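A.B. asks: how does the following fold in three dimensions:
(chains A and B)
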Amino acid sequence: MAGAPGVYVGAANAIAALMLLLEFGMLRQALVRDQVRLYAVQSALISVLAIVIAADRNLPDLYALAGLSAALKVVAVPLVLRRLLPGSVAVREEPPGVAGSHTLSPASAVLAAIALAAFGFFSFGELHLGGPGAPALALAIAAAMMFVAFGLMIIRKDVASQAIGFFSLENAISLAALVVAAGLPLIFETAFLFDLLVAVVVFGMLMRAHHARAESLSTADLTRLRG
Amino acid sequence: MSVALPIPVIQLLQVLTVALGAPLVTGVIAKVEARLQGRRGPRVLQPYFDLAKLFRKESLAPEAASWFFLAAPLVAVAAYLTIPLLIPVLTAYPLPLGYMGDILGGGFLLSLASFVVAVAALETGSPYAQLGSSRAKTFSAITEPVVLFVVFTVALLTGTDLPYALAATVRSSAGQVIRPAHLLASAALFMVILHETGRIPVETHTGTNEFGMIEEARSFEHSGPYFALLKWGSMLKQMILFTILSDVFVLPWGLAATQRAGDVLLAIAALLGKAAAAGVVVAVIDNSFAKLRLFKITEYASAAFLLAVLGVFTLYLGGG
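C.D. replies: Numbering: from 1, shown residues only, chains lettered A, B, ... in the order given. Here you go, the predicted model:
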């Protein structure tokens, strides 16, 4: 018999679970356009979570963080990402090499990722990190998200999806940071956000360079480059 | 209206509400669906007229079929009419026969009904009926793990697997509604219901196109009153699944807390309203998504399975 947690903790856990589901959505989504959209929704959810925690624990700093994170991850990163992708934005054309870059069928990918998520979930659960203020469940979900994001980067053969997997990995880490150390000074949190910007630029250049050389975003084409 | 109804009468009313309300809900869905597609659609009461017409017609059976062919529709409807005794239909308090079986018992009855209809379809020797029953059995095996994990979630949440207990748990506080385990299990169950009522992902529940036929194909060879029973049975199944979804998982409010006639009548109206609302949601979803190819059904099932498994996971660390 599991007693129900309070409404705030329940809401925090439900938002974390929703973020994990979006991670799975990115995993099985075939088009990079939809993956970017799911990433934006996931990032919006983390801002909502920051607001929930801010309201629950009376941390006004977090409101600022939520706003900043939303501006950056919901608006700026998806926008930059869509600009950086080769292929015309106007005709909504899919960049070459992205569609069909699954190495597993969607159903098997989901089953494999469930196993990964279970590993992350229960291994973090064993650490008993959850204090009175930190919901252990949200932390374990963040761990599961990290593993699923890794899985996403492994099973997709195109640079664009791998980049999105990496960015959502950052979302998972933000989630973990938010539930474990919500009271972290604002300057640190902002610094983490700027790290993401660097990653976006690096990945953008990588995508451009790869596309310029191989005329495709698929990493499968890289095997041709062997001597 | 403060007349207190005796318990057996309320118990009987549970069955009658489902039995007589099911065609109404089907009619509402058909009407909404027609409106969504820009048609005027049949009357809301049309399913009653259809059933009345079929009950008056003569019935024929294939020569090779045995007595089982004719008994199956009766067994199926009997099974469907037993389930409302086990689940909260009108009352928030458990009725005496409610402990006769748990969620698994209800699941067994649903499978029994589906099984006898499938066997009867096999008896006919008609390829379409056989195709329908073989598909129905294959795909129900794929969705079975989802249902099991939903039952596990319920068991972990309440310590029992009685539908009444879960409804009472959900009603008890807002924290129980918003906890991830409950939300995930409800969503997984909803996906299974979409599949079981022949909406998403492949089936066209009213069509005559054999590619999109699963359940509908099974009744090809039945006629007259037996066909009416099969049709009524699938309406009952839909109504029962909507009742489980709304009265046990999503909206267990509006049930009668007393034995007063007024309360029970209100609960009947509330149940029909909730089932019709669920039907409208289902019709909107059905009409806004494209059907998938038949073999893509595993992708749909894997998504539902994901929800149900995560529901169980979240409970393990406490605070799910």
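A.B. asks: how about the contacts made by the residue positioned nearest the centre of chain B?
C.D. replies: The residue lying closest to the centre of chain B (CA atoms, centre = their mean) is B:Leu241, at 2.5 Å. By CB atoms under 8 Å, 6 or more residues apart in numbering or on different chains, B:Leu241 lies in contact with B:Ile193, B:Glu196, B:Thr197. Where you see a C-beta, it was placed from the backbone N, CA and C, and this is true even at glycine.
A.B. asks: now that we have the residues you listed, can you turn them into a markdown table and tack on secondary structure, distance to chain A and neighbour count?
C.D. replies: Putting those into a markdown table (DSSP: H, G, I helix; E, B strand; the rest coil; distance: CB to the nearest CB, whole Å; neighbours: other CB atoms under 10 Å in any protein chain shown) gives the following:
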| residue | secondary structure | distance to chain A | neighbour count |
| --- | --- | --- | --- |
| B:Ile193 | helix | 19 | 20 |
| B:Glu196 | helix | 19 | 22 |
| B:Thr197 | coil | 22 | 23 |
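A.B. asks: can you count the residues close to B:Val192?
C.D. replies: Using other CB atoms under 10 Å in any protein chain shown, B:Val192 is surrounded by 24 other residues.
A.B. asks: and the helices in the stretch 1-150 of chain B?
C.D. replies: With DSSP state H, counting those that start in this stretch as the criterion, the stretch 1-150 of chain B has helices at B:7-36, B:46-56, B:67-86, B:103-124, B:127-158.
A.B. asks: show me what the shortest one is packed against.
C.D. replies: Judged by 3 or more CB pairs under 8 Å, 6 or more residues apart in numbering or on different chains; DSSP states H and E, the packing partners of helix B:46-56 are helix B:7-36, helix B:224-243.
A.B. asks: just to revisit the earlier point, separation between the residue nearest to the centre of chain B and B:Val147?
C.D. replies: B:Leu241 sits 11 Å away from B:Val147, going by CB to CB, to the nearest Å.
A.B. asks: okay but B:Ile200 is in contact with B:Phe289, surely?
C.D. replies: Yes: using CB atoms under 8 Å, B:Ile200 makes contact with B:Phe289 at a distance of 6.2 Å.
A.B. asks: on that earlier part again, just the helices and strands packed on helix B:46-56: most buried one?
C.D. replies: Across those, averaging neighbours per residue (mean count of other CB atoms under 10 Å in any protein chain shown) puts helix B:224-243 on top, at a mean of 23.
A.B. asks: export that helix as CSV, just CAs?
C.D. replies: Output in CSV follows, covering the C-alpha atoms of helix B:224-243 (Å, rounded to 0.1, in the frame of the first residue of the first chain):
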residue,chain,number,x,y,z
GLY,B,224,-31.3,-12.7,-36.9
PRO,B,225,-31.5,-12.7,-33.1
TYR,B,226,-28.0,-14.2,-32.8
PHE,B,227,-26.5,-11.4,-34.9
ALA,B,228,-28.4,-8.9,-32.7
LEU,B,229,-26.9,-10.5,-29.6
LEU,B,230,-23.4,-10.2,-31.0
LYS,B,231,-24.0,-6.5,-32.0
TRP,B,232,-25.5,-5.8,-28.6
GLY,B,233,-22.5,-7.7,-27.0
SER,B,234,-20.0,-5.4,-28.7
MET,B,235,-22.0,-2.3,-27.5
LEU,B,236,-22.0,-3.8,-24.0
LYS,B,237,-18.3,-4.4,-24.1
GLN,B,238,-17.7,-0.8,-25.1
MET,B,239,-20.0,0.5,-22.4
ILE,B,240,-18.3,-1.7,-19.8
LEU,B,241,-14.8,-0.5,-20.8
PHE,B,242,-16.0,3.1,-20.7
THR,B,243,-17.5,2.4,-17.2
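A.B. asks: and that helix, average pLDDT?
C.D. replies: Mean pLDDT, helix B:224-243: 93.
A.B. asks: what of stretch B:65-80?
C.D. replies: Computed over stretch B:65-80, the average pLDDT equals 93.
A.B. asks: how about stretch B:181-201?
C.D. replies: 87.
A.B. asks: residue numbers of chain A in contact with chain B?
C.D. replies: A:1-2, A:4-7, A:9-11, A:13-14, A:16-17, A:20-21, A:24, A:28, A:105-107, A:110-111, A:114, A:117-118, A:121-122, A:125, A:130, A:135-137, A:140-141, A:144 (CB under 8 Å from any CB of the partner chain).
A.B. asks: now the buried members of the residues you listed.
C.D. replies: A:2, A:4-5, A:7, A:9-11, A:13-14, A:16-17, A:20-21, A:24, A:28, A:106-107, A:110-111, A:114, A:117-118, A:121, A:125, A:130, A:135-137, A:140-141, A:144 (16 or more other CB atoms under 10 Å in any protein chain shown).
A.B. asks: OK, contacts around residue 157?
C.D. replies: You didn't pick a chain, so chain A it is. If you count contacts by CB under 8 Å, 6+ apart, A:Lys157 has them with A:Gly97, A:Ser101, A:His102, A:Thr103, A:Ser218, A:Thr219, A:Ala220.
A.B. asks: was after chain B, sorry
C.D. replies: A:Ala2, B:Leu166, B:Thr169, B:Gln176, B:Ala181, B:His182, B:Ala185, B:Leu315.
A.B. asks: can we see that at 7 Å?
C.D. replies: A:Ala2, B:Leu166, B:Thr169, B:Ala181, B:His182 (CB atoms under 7 Å, 6 or more residues apart in numbering or on different chains).
A.B. asks: okay, and the fourth one sits in which element?
C.D. replies: Applying DSSP states H and E as the criterion places B:Ala181 in helix B:180-196.
A.B. asks: which residue is the nearest non-sequential neighbour of A:Leu62?
C.D. replies: The spatially closest residue to A:Leu62, leaving aside those adjacent along the chain, is A:Ala54, at 3.5 Å (CB to CB, 6 or more residues apart in numbering or on different chains).
A.B. asks: what about the longest helix in chain A?
C.D. replies: Taking DSSP state H as the criterion, chain A has its longest helix at helix A:186-214.
A.B. asks: name the helices or strands packed onto that one?
C.D. replies: Using 3 or more CB pairs under 7 Å, 6 or more residues apart in numbering or on different chains; DSSP states H and E, the elements in contact with helix A:186-214 are helix A:60-69, helix A:77-84, helix A:159-180.
A.B. asks: pipe those helices into CSV and attach distance to B:Phe305 per row.
C.D. replies: Output for the helices and strands packed on helix A:186-214, formatted as CSV (distance: least, CB to CB, whole Å):
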stretch, distance to B:Phe305
helix A:60-69, 32
helix A:77-84, 29
helix A:159-180, 22
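A.B. asks: okay, the ones you listed in a markdown table with mean pLDDT and mean neighbour count next?
C.D. replies: Converted to a markdown table, these look like this (pLDDT from 0 to 100; neighbours: other CB atoms under 10 Å in any protein chain shown):
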| stretch | mean pLDDT | mean neighbour count |
| --- | --- | --- |
| helix A:60-69 | 87 | 18 |
| helix A:77-84 | 82 | 17 |
| helix A:159-180 | 87 | 23 |
